[in-house]
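**Q** Pasting the sequence and the predicted coordinates here, then a few questions.
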There are 2 protein chains.
Amino acid sequence: MATSELTSIRSQKVKAAKRLAKRAFRDRDRAFLAEGPQAVREALRLPGVTVELFATADAGSRHPAIMADAAAAGVPVHLASGEVMAELAQTVTPQGVLAVCRLLHVPLIEAVREDARLVAVLAHVRDPGNAGTVLRTADAAGADAVVFTDASVDPYNGKCVRASAGSLFHLPVATGEPFARTVALLRERGLRVLAADGAGERTLDDVDLSGPTAWVFGNEAWGLPEEILAEADEVVRVPIYGGAESLNLATAAAVCLYASARAQREK
Amino acid sequence: MATSELTSIRSQKVKAAKRLAKRAFRDRDRAFLAEGPQAVREALRLPGVTVELFATADAGSRHPAIMADAAAAGVPVHLASGEVMAELAQTVTPQGVLAVCRLLHVPLIEAVREDARLVAVLAHVRDPGNAGTVLRTADAAGADAVVFTDASVDPYNGKCVRASAGSLFHLPVATGEPFARTVALLRERGLRVLAADGAGERTLDDVDLSGPTAWVFGNEAWGLPEEILAEADEVVRVPIYGGAESLNLATAAAVCLYASARAQREK
């Protein structure tokens, strides 16, 4: 460890990191917090992303590989007291390591490449836990990019980062784009834009998913707004075979993304 | 409304309902709480399930159909003050209606009928939100039954009931069975027992899912224990095409259950 232990929650370093829990400061400082060994490990794998690391002495000795990676990358490590870690962490039981990372924003035009075949668009997702789960699922299904439109939650929200389980660091994530511009670019790239919504006439099983596809996911409570349904190439619903009224957002997204992944591979 | 307004959180009626938030009392009284208009509506649809209803005056006038259904079914309705509702409800923003319901337990042998084709088994699911989401997804995918083994969370836990979004009332749910007995009965009924786990050699795409199938889902953090993997007819994993280490439990269950639903219908 490079420094002596931070023990005061009033220290400038701690205050500067702590305020990144708020979106206004994340936007201003172009930085966010990644909490826990899994997220920190993934952050350190990407050159230039990790600005600094906070670790308790205990966590430092539990995760020697993380400490070694940080040292090799020239990332400053601040030894933090339990109290300081509790102040910085957003979880009830902090895992003892926490990184300040630069925002990973990729411009939409770079995130969605010419050869993209599977893209997830979060159009009106407000719950950060849901958003992070969809990001993780898109990564698992082999998506080429994820787009958070300007009506969705901030992907750098702590809950979203944690729910993504490292996936935020795995694939290009574009953010803050208006939906209309997103759709225009997706079409230009040759992707078919499918809105996932219970209002769809055809179900997932009736649609040919073998071509390049962008899935648009909406809000858990009220689905997708009319203008987005109208803008999409097609509105598709997950078939409901039993008595349930609907699926929750993250499980519906999983079914759609995996249906695409399979159809593209069967082709 | 049949009664005068309950305003004291110390009244016997309120105390008797409130204690159902704890499993020991649910087991003793053979009753649980269903919160919110959706759950209450579904409960009232099943004859003999709803024991009594608590409603604020405000919620009563917002949901006249629920009040009418309760009256038609002879279910006593207790008018509750906002304070009493806040005491009974387990949500931060109570929706003003709450039912005391009899446990819906169906013995395993009745829950899994001779002609069952799709069953979900929650073998070591400890998080009630996850468990409720899997129950909702199983219902949506047209499962014939859901089994909570004795190592899983109580399906009548308030969080599980809410996450199930009414599905707890839609299909037979067996609970508290040892895993070995569950597997024995599933086999007797002609179902193939597939354990969903990252340790599986074959993926979902490589397995014939057209026949009667029971899916076994484990714990989010550590998957399924060895003895369950050994007991299953096959261990199957959801393919991971991207950088994610795994899917979360509820999304993995959604992908598996919908793969079965589709394969059984394509047959």
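**A** It's in. Residues are numbered from 1 along each chain as shown, chains lettered A, B, ... in the order given.
**Q** What residues does A:G166 make contact with?
**A** If you count contacts by C-beta atoms under 8 Å, 6 or more residues apart in numbering or on different chains, A:G166 has them with A:38-39, A:41-42, A:136, B:243-245. Every C-beta, even on glycine, is put in place using the N, C-alpha and C of the backbone.
**Q** Quick one, grab the pLDDT at A:D58.
**A** If you check A:D58, the pLDDT there is 95.
**Q** no wait, A:I228
**A** On the pLDDT scale, A:I228 is placed at 91.
**Q** For it, give me phi and psi.
**A** With angles defined as degrees, to the nearest 10, A:I228 sits at phi -80, psi -40.
**Q** Domain-wise, how is chain A divided?
**A** A:12-102, A:108-266 (automatic domain parsing).
**Q** and those, which is most packed in?
**A** With neighbours defined by mean count of other C-beta atoms under 10 Å in any protein chain shown, none of the domains of chain A is more surrounded on average than domain A:108-266, at a mean of 21.
**Q** Now the terminal residues of that domain, how far apart.
**A** This stretch, domain A:108-266, spans 29 Å end to end (C-alpha to C-alpha, to the nearest Å).
**Q** which parts of the stretch 51-200 of chain A sit against chain B?
**A** Proximity of the stretch 51-200 of chain A to chain B (C-beta under 8 Å from any C-beta of the partner chain) is limited to residues A:133, A:136-143, A:163, A:165-167, A:170-171.
**Q** Name the nearest of those relative to B:E52.
**A** Comparing these against B:E52 with C-beta to C-beta picks out A:T133 as the nearest, at 36.6 Å.
**Q** what about the helix or strand containing that closest one, distance to the chain center?
**A** With elements delineated by DSSP states H and E, A:T133 resides in helix A:128-140, which encompasses its position. When distances are taken as C-alpha atoms, centre = their mean, to the nearest Å, helix A:128-140 is centred 6 Å away from the chain's centroid.
**Q** Would you mind getting the angle between the very next helix or strand once past that helix and helix A:128-140?
**A** Secondary structure here is assigned by DSSP H and E; on that basis, the next helix or strand after helix A:128-140 toward the C-terminus is strand A:145-149. Interaxial angle, strand A:145-149 versus helix A:128-140 (axes from the mean of the first three to the mean of the last three C-alpha atoms, to 10 degrees): 150 degrees.
**Q** how far does strand A:145-149 sit from the chain's center?
**A** Going by C-alpha atoms, centre = their mean, the spacing between the C-alpha centre of strand A:145-149 and its chain's C-alpha centre is 9 Å.
**Q** per-residue confidence averaged over it?
**A** Along strand A:145-149, the predicted local confidence has a mean pLDDT of 97.
**Q** Give me the nearest residue to the closest residue to chain B within the stretch 151-267 of chain A, chain neighbours excluded.
**A** In the stretch 151-267 of chain A, the residue that lies nearest chain B is A:Y241 (2.8 Å; C-beta to the nearest C-beta). With C-beta to C-beta, 6 or more residues apart in numbering or on different chains as the measure, B:G142 is the residue that lies nearest to A:Y241, at 2.8 Å, once sequence neighbours are left out.
**Q** Same check on A:R19?
**A** Of all residues beyond its chain neighbours, the one nearest A:R19 is A:F25 (4.3 Å), with distances taken as C-beta to C-beta, 6+ apart.
**Q** per-residue pLDDT, the one you found?
**A** Looking at A:F25, its pLDDT is 97.
**Q** Backbone dihedrals for the closest residue in space to A:R136 that isn't next to it in sequence, both of them.
**A** Once flanking residues are discounted, A:R136 sits nearest to A:S167: 4.4 Å by C-beta to C-beta, 6+ apart. Its backbone dihedrals place A:S167 at phi -70, psi -30, with angles given as degrees, to the nearest 10.
**Q** which residues touch A:S167?
**A** A:132, A:135-136, A:138-140, B:242-244.
**Q** quick one on the thing from earlier: the residue nearest to A:R19 in helix, strand or coil?
**A** For A:F25, the assignment made with DSSP: H, G, I helix; E, B strand; the rest coil gives helix.
**Q** now do A:A16
**A** Secondary structure of A:A16, reduced to three states by three-state DSSP: helix.
**Q** got a list of what it touches?
**A** Under the criterion of C-beta under 8 Å, 6+ apart, the neighbours of A:A16 are A:D29.
**Q** coming back round to it: and which of the contacts of A:S167 is nearest to A:A80?
**A** Distance to A:A80, by C-beta to C-beta, is smallest for A:G132 among those, at 24.6 Å.
**Q** Contacts only, for that closest one.
**A** If you count contacts by C-beta under 8 Å, 6+ apart, A:G132 has them with A:155, A:159-165, A:167-168.
**Q** next one: A:A165
**A** When the contact criterion is C-beta under 8 Å, 6+ apart, the partners of A:A165 are A:38-39, A:132, A:136, B:244-246, B:248.
**Q** Going by distance to A:R262, which of the contacts of A:G166 wins?
**A** Using C-beta to C-beta, B:A244 comes nearest to A:R262 of these, at 16.4 Å.
**Q** From B:F25, how far off is the closest one?
**A** From B:A244 across to B:F25, the span is 40 Å (C-beta to C-beta, to the nearest Å).
**Q** got it, and A:Q12?
**A** From A:Q12 over to B:F25 the distance is 51 Å, taken as C-beta to C-beta.
**Q** Could you do A:A73 as well?
**A** Relative to B:F25, A:A73 is positioned 54 Å away (criterion: C-beta to C-beta).
**Q** I'd guessed A:A86 sits against A:P94; true?
**A** Yes: because the distance of 5.9 Å satisfies C-beta atoms under 8 Å, A:A86 is recorded as touching A:P94.
**Q** Contact partners for the closest residue to chain B within the stretch 51-200 of chain A?
**A** Closest contact between the stretch 51-200 of chain A and chain B, by C-beta to the nearest C-beta, is at A:G142 (2.9 Å). A:G142 makes contact with A:118, A:261, B:241-242, according to C-beta under 8 Å, 6+ apart.
**Q** what's the pLDDT at it?
**A** The predicted local distance difference test score for A:G142 is 98.
**Q** doesn't B:D144 make contact with the residue of the stretch 151-267 of chain A closest to chain B?
**A** No: with contact taken as C-beta under 8 Å, A:Y241 and B:D144 are classed as non-touching, separated by 10.6 Å.
**Q** give me the low-pLDDT residue ranges for chain A?
**A** Along chain A, the model assigns pLDDT under 70 to residues A:1-3, A:267.
**Q** Please, where are all the helices along it?
**A** For chain A, helices defined by DSSP state H occupy the ranges A:12-18, A:23-29, A:37-45, A:57-62, A:64-72, A:82-88, A:108-111, A:128-140, A:158-163, A:179-188, A:226-231, A:249-266.
**Q** can you redo these as CSV with distance to B:R202?
**A** What follows is the helices of chain A, written out as CSV (distance: least, C-beta to C-beta, whole Å):
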stretch, distance to B:R202
helix A:12-18, 45
helix A:23-29, 43
helix A:37-45, 27
helix A:57-62, 35
helix A:64-72, 32
helix A:82-88, 43
helix A:108-111, 33
helix A:128-140, 17
helix A:158-163, 28
helix A:179-188, 34
helix A:226-231, 38
helix A:249-266, 14
